[in-house]
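Asks: My questions concern the predicted model and sequence given below.
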Amino acid sequence: MQNLIVIGGGELARVIIETAQAQKCWNVIGFVDPDPCIETTRRLGVERLGTDDDLPAYPHARIILGVGTIKVSDIRRNIVARVAMPASRWATIIHPAAYVSPSAILSPGAIVLAGAVICSGASIGSHCIINLGAKIDHDVHVGSFVHVAPQAALGGGSRIEDDSYIGMGAIVRDHLTVSQRTLVGMGAVVSKTFAPGKTLVGLPAREIK
Ligand SMILES: CC(C)(COP(=O)(O)OP(=O)(O)OC[C@H]1O[C@@H](n2cnc3c(N)ncnc32)[C@H](O)[C@@H]1OP(=O)(O)O)[C@@H](O)C(=O)NCCC(=O)NCCS
C-alpha cells in the first residue's frame with residue numbers, strides 16, 4: 001500500500017477518497033485544504049493534514065487532485081502549478097468497477113470513477129477526471145485537465161483538447177475534435193468542431209453565449 005494525500009476536502013475529494021480506498025493499493029493518510037472540511041472527516045474518518053503548503057512534510061506520499069468545478073476553469077491547473085510536484089508524485093486512481101483497456105494510456109493524476117469504460121488505444125491526459133459511467137471509445141485522445149462528466153460518451157477516434165468540460169450524458173461524434181476549453185452542456189450531441197472556448201448545448205449542439 002502506498003500513502004496517498006488528496007488535495008481538496010470537498011465533494012469531489014470524498015468521491016476520490018472512496019475510489020482510492022476501493023482500489024486497495026492506497027492508504028489515504030489525509031487531505032489538505034484551507035477549509036476544515038469537517039464533513040469529510042466526519043463521514044470518512046480521514047484527517048485534514050493542513051494546506052498544500054504542508055505537503056513537503058510528506059515527501060514519500062503520492063498525491064491526487066480532489067478539487068473540481070462544473071465548468072471550464074484554471075483552478076485545477078493552478079493548483080498543480082503551485083504545488084510543483086514531479087509527475088512521479090501524482091497518483092493515478094482507478095475504481096475497481098471501471099474497465100480500462102490494457103492498451104489505453106492514463107497520464108499521472110488521472111482519475112477514473114466507477115462504471116467508466118476506457119477502450120483500446122485511448123489516451124487520457126494528466127489530471128483528467130473520467131466520471132461515473134463515462135464511455136471513452138477506442139483511440140480517443142483526451143487532453144490534460146479535461147473532465148468527462150457522468151454517462152458522457154466519446155466516440156472512437158475523437159479528440160478532446162485540454163481544459164474542456166464534457167457535461168453529463170453528452171455525446172461526441174466519433175473522429176471529431178472538441179477544441180480547447182470547450183464547455184459541452186449536459187445532454188448535448190456534438191456533431192461538428194467549434195472554435196475554442198465555446199459553450200455548446202442541445203441536439204445538434206449549438207453555441208450559447
Ligand atoms: C450548459 C451549462 C453550463 C449552462 O449553464 P448556465 O451558464 O448556468 O446557463 P443557464 O442554466 O442560465 O442556461 C442558459 C440557457 O441555456 C439553456 N440550457 C442550459 N443548459 C442546457 C443544456 N445542457 N441543454 C440545453 N439547453 C440548456 C437554459 O435552459 C437557458 O435557456 P433560456 O435562456 O432559454 O432560459 C449547464 O446547464 C450545464 O449543462 N452544465 C453541465 C452540468 C453537468 O454536466 N454536471 C455534471 C456534474 S458531475
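Replies: Cool, the structure landed.
Asks: residues of stretch 172-180 that come out buried?
Replies: By 16 or more other CB atoms under 10 Å, the buried positions in stretch 172-180 come out as 172-173, 176-180. For the C-beta atoms, the positions are set from N, CA and C on the backbone; glycine is no exception.
Asks: Can I get these in CSV including secondary structure and pLDDT?
Replies: As requested, the buried residues of stretch 172-180 are exported to CSV (DSSP: H, G, I helix; E, B strand; the rest coil; pLDDT from 0 to 100):
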residue, secondary structure, pLDDT
Val172, strand, 98
Arg173, coil, 98
Leu176, coil, 98
Thr177, strand, 98
Val178, strand, 98
Ser179, coil, 98
Gln180, coil, 98
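Asks: how about the nearest residue to Ser179, chain neighbours excluded?
Replies: Closest residue to Ser179 apart from its sequence neighbours, by CB to CB, 6 or more residues apart in numbering: Pro196 at 4.0 Å.
Asks: Look at that neighbour and say how many residues are nearby.
Replies: Neighbour count for Pro196, taken as other CB atoms under 10 Å: 14.
Asks: what do you get for Ile105?
Replies: A count of neighbours around Ile105, defined by other CB under 10 Å, yields 14.
Asks: Quick check on it: phi, psi?
Replies: The phi/psi pair for Ile105 (degrees, to the nearest 10) reads phi -120, psi 130.
Asks: That one touches Ser120, doesn't it?
Replies: No: between Ile105 and Ser120 there is no contact under CB atoms under 8 Å: 11.1 Å.
Asks: What separation do you get for the spatially most central residue of the chain and Ile93?
Replies: Centroid check for the chain by CA atoms, centre = their mean gives Ile129 as the closest residue, at 1.4 Å. Ile129 is 10 Å from Ile93, where distance means CB to CB, to the nearest Å.
Asks: And Glu11, by the same measure?
Replies: Computed as CB to CB, the Glu11 to Ile93 distance reads 16 Å.
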